[in-house]
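[1] coords below, sequence missing:
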């Protein structure tokens, strides 16, 4: 990522990972539009970053679960010709056994983690392609590849983010537009509290700070890495995962007939 990019838009920018992206990108010379629900906190963060970095920082108050607010952000991305970076960071957890999580909470989770991310990516993409430059960063989670019994909806939405991002990478492979998926492990943010948990289900030593995460992810983007696991020490594990996926894909495409184990009549 070079410093000549003119404007970055960050969702979920009022705390945690989004705030860390805002601070780091401003220090790299980006002007910012920060999107989040909490007006007072967002405006204060915008003032602090602008004072510290002398960059232009705009607070754009919006609830991405609200269709009208989401439409306003889409319009912003579609009409601003200077948007070079979109950080799709806004996300929810709705953790717990599925039978204990309300249907409304799951719907809200999907609205933020899937629908908003998809629509905002779709809105910014034509401008990036027209200029043949820019980056979209989608914040997924390591849980996208390791489903758990207490986060079915969350894991499913992050698996969507990963696969949506990877398909876009294939579509854009002959362009200069980068689409990156970042898959962090536990991060010291308000995430677990917002999900209604009094205690995080991970030991403290597994937690990374938002600042460490974002510095790692931006360095990864500088290197044009399209998949970033910030805490993964040995990349051979991801390569092995990919090799297994490719082998499975090839095996699935060998025949359109039922597998031999399903041959014969079914028991009555």
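    Cool, got the structure. Fair warning: this is a prediction, and the values are worked out from it, not measured in the lab.
[2] Tell me which helix or strand comes right after the worst-scoring helix or strand of the chain on mean pLDDT.
    When the helices and strands of the chain are scored by mean pLDDT, DSSP states H and E, helix 191-194 comes last with a mean of 56. Using DSSP states H and E, the helix or strand that follows helix 191-194 in sequence is helix 210-222.
[3] Show me what the following helix or strand past that next one is packed up against.
    Sequence-wise, the next helix or strand downstream of helix 210-222 (DSSP H and E) is strand 227-228. Secondary-structure packing of strand 227-228 (3 or more C-beta pairs under 8 Å, 6 or more residues apart in numbering; DSSP states H and E): strand 177-182, helix 210-222. For glycine as for every other residue, the C-beta is placed from the backbone atoms N, C-alpha and C.
[4] packing partners for the longest one?
    Contact here means 3+ C-beta pairs under 8 Å, 6+ apart; on that basis helix 210-222 packs against helix 16-27, strand 134-139, strand 177-182, strand 227-228.
[5] so it versus helix 16-27, what angle?
    60 degrees (axes from the mean of the first three to the mean of the last three C-alpha atoms, to 10 degrees).
[6] And helix 210-222, what's buried?
    210, 212, 213, 214, 216, 217, 218, 220, 221 (16 or more other C-beta atoms under 10 Å).
[7] Distance of the nearest residue in space to residue 209 that is not next to it in sequence relative to residue 259?
    Nearest non-adjacent residue to residue 209, counting by C-beta to C-beta, 6 or more residues apart in numbering: residue 188, 5.4 Å away. As judged by C-beta to C-beta, to the nearest Å, residue 188 and residue 259 stand 46 Å apart.
[8] Which residue of those two possesses the greater neighbour count?
    Comparing residue 188 with residue 259 by other C-beta atoms under 10 Å, the one with more neighbours is residue 188, at 16 against 7.
[9] Quick check: that one vs residue 206, distance?
    Relative to residue 206, and taking C-beta to C-beta, residue 188 is found at 10 Å.
[10] residue contacts, the residue nearest to residue 209?
    Residues near residue 188 by C-beta atoms under 8 Å, 6 or more residues apart in numbering: 207, 208, 209, 210.
[11] give me that answer again for 10 Å
    16, 200, 204, 207, 208, 209, 210, 211, 212, 213 (C-beta atoms under 10 Å, 6 or more residues apart in numbering).
[12] what pLDDT does it get?
    pLDDT recorded at residue 188 is 70.
[13] same thing with residue 78?
    At residue 78, the pLDDT value in this model is 97.
[14] dump the residue contacts of it.
    By C-beta under 10 Å, 6+ apart, the residues touching residue 78 are 120, 122, 123, 124, 125, 126, 127.
[15] Try it again at 7 Å.
    residue 123 (C-beta atoms under 7 Å, 6 or more residues apart in numbering).
[16] returning to that earlier point: want to try CSV for the buried residues of helix 210-222, with pLDDT and distance to residue 158 as columns?
    Shown next, in CSV, are the buried residues of helix 210-222 (pLDDT from 0 to 100; distance: C-beta to C-beta, whole Å):
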residue, pLDDT, distance to residue 158
210, 93, 17
212, 95, 20
213, 95, 15
214, 97, 18
216, 97, 18
217, 97, 15
218, 98, 20
220, 97, 18
221, 97, 19
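[17] now, among those residues, which is nearest to residue 135?
    Closest approach to residue 135 among the buried residues of helix 210-222 (C-beta to C-beta): residue 221, at 6.4 Å.
[18] about what we covered before: just so I know, which of the helices and strands packed on strand 227-228 lies nearest residue 79?
    Of all the helices and strands packed on strand 227-228, strand 177-182 comes closest under C-beta to C-beta, at 18.4 Å.
[19] Mind putting the helices and strands packed on strand 227-228 into a markdown table with distance to residue 62?
    Output for the helices and strands packed on strand 227-228, formatted as a markdown table (distance: least, C-beta to C-beta, whole Å):
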| stretch | distance to residue 62 |
| --- | --- |
| strand 177-182 | 22 |
| helix 210-222 | 21 |
